[in-house]
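>>> The sequence and its predicted three-dimensional model are supplied below.
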Amino acid sequence: MRIEVDLDICQGHGMCQMEAPDVFEAEVDHVDILEPQPDESKRAEVEAAVQYCPTQALRIVEDSSA
């Protein structure tokens with residue numbers, strides 16, 4: 001899986017960082033993805049981060065080569 005963020009709508013609320021602190025770091029007005037391709041052991045955390053993003057700026061892209 002790969003994580004993408006739409007920086008045009010991300011506002012840096014930090015919900016993603018609360019859900020998956022090893023993967024996301026919230027800044028003042030955007031999020032940095034620390035681990036753009038996390039392993040499957042972090043899937044539940046990443047899915048929660050995507051789900052709870054107030055602006056729906058995050059998405060998971062499945063790796064088609066698997």
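Yep, it's here. Numbers count the residues shown, from 1 in each chain.
>>> Helix or strand next in line after the helix ranked longest in the chain, which one?
Longest helix in the chain, counting residues (DSSP state H): helix 43-52. The helix or strand immediately downstream of helix 43-52 is strand 58-61, counting by DSSP states H and E.
>>> Would you list the strands that that next one pairs with, along with their directions?
Strand 58-61 sits in its sheet next to strand 2-5 (antiparallel), going by DSSP bridges.
>>> mind saving the C-alpha coords of the strand it pairs with as PDB?
Extracted in PDB, the C-alpha atoms of strand 2-5 (Å, rounded to 0.1, in the frame of the first residue of the first chain):
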ATOM      1  CA  ARG A   2       1.000   3.600  -0.700                       C
ATOM      2  CA  ILE A   3      -0.300   6.700   1.000                       C
ATOM      3  CA  GLU A   4      -1.100   9.900  -0.800                       C
ATOM      4  CA  VAL A   5      -2.100  13.300   0.500                       C
END
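>>> Centre of the chain to the longest helix of the chain, how far?
7 Å (C-alpha atoms, centre = their mean, to the nearest Å).
>>> CA-only coordinates of it, as PDB, when you get a sec.
Provided in PDB are the C-alpha atoms of helix 43-52 (Å, rounded to 0.1, in the frame of the first residue of the first chain):
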ATOM      1  CA  ARG A  43      -2.600  -1.000   7.900                       C
ATOM      2  CA  ALA A  44      -5.200  -0.600  10.600                       C
ATOM      3  CA  GLU A  45      -3.500   2.600  11.900                       C
ATOM      4  CA  VAL A  46      -3.300   4.000   8.400                       C
ATOM      5  CA  GLU A  47      -6.900   3.200   7.600                       C
ATOM      6  CA  ALA A  48      -8.000   4.900  10.800                       C
ATOM      7  CA  ALA A  49      -5.900   8.000   9.800                       C
ATOM      8  CA  VAL A  50      -7.500   8.100   6.400                       C
ATOM      9  CA  GLN A  51     -11.000   7.600   7.900                       C
ATOM     10  CA  TYR A  52     -10.700  10.300  10.500                       C
END
